[in-house]
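1. The following comprises the amino acid sequence and a computationally predicted model.
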Amino acid sequence: MPILEVESLSKEYKGKGKMNVFQALNGINLSVDSGELVAIMGPSGSGKTTLLNILSGIDTEYSGVVRIAGTSISEMSKNELALFRRQRMGFVFQDYNLLDSLTLRENIMVPMVLDDQEVEDINSRTDETLSLFDLGEVKDKYPYMVSGGQQQRAAISRAIINGPEVIFADEPTGNLDSKSSSTVMKTFAKLNALKGATIVMVTHDPFAASYCNRVLFIKDGKMLLEITRENKERRAFFDRILENLAFIGGGEDDL
Ligand SMILES: Nc1ncnc2c1ncn2[C@@H]1O[C@H](COP(=O)(O)OP(=O)(O)OP(=O)(O)O)[C@@H](O)[C@H]1O
């Protein structure tokens, strides 16, 4: 069943003056099934962040339809969308966005606290998540006291604590070395396998994308092609991603 559906999505950035219009997205259609781990790749300036910002409800100025779990976010009021984002979407950012004055454990709890959930539920869900992602030993440390990979795993824990229907991630491994990137991607894969979480991420990193089961390539605001990982062989999928990036441009060298 599709959890995310996009129809004829277009986006123009308007500058000063009538002629100063830039078409950042042009007629994007896409569908993501529940339980998929999907990467969006493409050259710099191709519209990846613009697309993710629209899908995740950050940017509401566009034409076309975006449906999440059957609900059109395009038609929601500001307040409805804010609530929907808080309760049904999770977000992971390149620079983690943890609160410096809270411990990792407290950071992970924030969405449940904001949602006024029962203290016992908050404690038990937080502890379950901490152990699932191997953060038990650092749970009482502040973000500045732990590694980037641990911070990102805490940010992922925070993103899933409310059981969102879909998690959006923008360059989640962008600030990490290869070892931490690998741990973070394994965290996403584990989340996907154990909890059936749906994850949509934008990345320049073919290594990170190779953990996904599908990679969508966009160029000049259009959906160019997609490839699917047919079997469990990550290395072979990595090679196919590289081949496609060489074809359309848009790997690490573009940064
Ligand atoms: N606020 C804005 N106003 C005008 N043009 C914009 C704005 N934001 C983005 N653009 C343009 O829209 C195009 C798509 O930008 P976007 O950030 O979505 O690309 P991207 O694929 O995420 O790039 P990168 O990989 O470099 O982050 C680019 O040409 C960019 O310059």
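-> On my side now, so go ahead.
2. Run through the helices of the stretch 101-250 of the chain in chain order.
-> Along the stretch 101-250 of the chain, the stretches classed as helices by DSSP state H, counting those that start in this stretch are 104-114, 119-132, 148-160, 178-195, 206-209, 234-248.
3. and the longest one, which residues are buried?
-> Just to be clear, that refers to helix 178-195. Across helix 178-195, burial judged by 16 or more other C-beta atoms under 10 Å covers S180, S181, S182, T183, V184, M185, T187, F188, A189, L191, N192. Backbone N, C-alpha and C define where each C-beta goes, glycine included.
4. what's next to that helix, contact-wise?
-> 35-37, 132-133, 147-149, 152-153, 156, 160, 167, 169, 172-173, 176, 197-199, 201, 205, 207-208, 211 (C-beta atoms under 8 Å, 6 or more residues apart in numbering).
5. Now, of the residues you listed, which are buried?
-> So, by 16+ other C-beta under 10 Å, the buried ones in the contacts of helix 178-195 are 36-37, 132-133, 148-149, 152-153, 156, 160, 167, 169, 172-173, 176, 197-199, 201, 205, 207-208, 211.
6. re earlier: I'd like the helices of the stretch 101-250 of the chain laid out as CSV, including distance to the ligand and mean pLDDT.
-> Putting the helices of the stretch 101-250 of the chain into CSV (distance: least, C-beta to the nearest ligand atom, whole Å; pLDDT from 0 to 100) gives the following:
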stretch, distance to the ligand, mean pLDDT
helix 104-114, 26, 93
helix 119-132, 29, 92
helix 148-160, 18, 92
helix 178-195, 17, 87
helix 206-209, 13, 94
helix 234-248, 12, 92
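7. Select, out of these, the one closest to F93.
-> Across these, F93 has its closest neighbour in helix 148-160 (7.1 Å, C-beta to C-beta).
8. and E5, how many neighbours?
-> Counted with other C-beta atoms under 10 Å, residues neighbouring E5 total 16.
9. excluding its backbone neighbours, what's nearest it?
-> Using C-beta to C-beta, 6 or more residues apart in numbering and skipping the chain neighbours, the partner closest in space to E5 is R67 (4.4 Å).
10. Contacts only, for the one you found.
-> Residues near R67 by C-beta under 8 Å, 6+ apart: P2, L4, E5, V6, I73.
11. who's in contact with the first one?
-> Under the criterion of C-beta under 8 Å, 6+ apart, the contact partners of P2 comprise S31, V32, D33, S34, R67.
12. Phi, psi for it please.
-> With angles defined as degrees, to the nearest 10, P2 sits at phi -70, psi 130.
13. Quick check: the gap between it and M185.
-> 24 Å (C-beta to C-beta, to the nearest Å).
14. pull the helix or strand with minimum mean pLDDT from this structure.
-> The helix or strand of the chain with the poorest confidence is helix 178-195; it has a mean of 87 (mean pLDDT, DSSP states H and E).
15. okay, it in PDB with CA atoms only?
-> Taking Å, rounded to 0.1, in the frame of the first residue of the first chain, the C-alpha atoms of helix 178-195 are listed here in PDB:
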ATOM      1  CA  SER A 178      32.500   6.400   6.600                       C
ATOM      2  CA  LYS A 179      32.400   4.300   9.800                       C
ATOM      3  CA  SER A 180      29.700   6.400  11.400                       C
ATOM      4  CA  SER A 181      27.800   6.600   8.100                       C
ATOM      5  CA  SER A 182      27.800   2.900   7.900                       C
ATOM      6  CA  THR A 183      26.400   2.600  11.500                       C
ATOM      7  CA  VAL A 184      23.800   5.200  10.800                       C
ATOM      8  CA  MET A 185      22.600   3.500   7.600                       C
ATOM      9  CA  LYS A 186      22.600   0.100   9.500                       C
ATOM     10  CA  THR A 187      20.300   1.900  12.000                       C
ATOM     11  CA  PHE A 188      17.900   2.900   9.300                       C
ATOM     12  CA  ALA A 189      18.000  -0.600   7.800                       C
ATOM     13  CA  LYS A 190      17.300  -2.200  11.200                       C
ATOM     14  CA  LEU A 191      14.500   0.200  11.800                       C
ATOM     15  CA  ASN A 192      13.100  -0.600   8.400                       C
ATOM     16  CA  ALA A 193      13.500  -4.400   8.900                       C
ATOM     17  CA  LEU A 194      12.300  -4.600  12.600                       C
ATOM     18  CA  LYS A 195       9.600  -1.900  12.700                       C
END
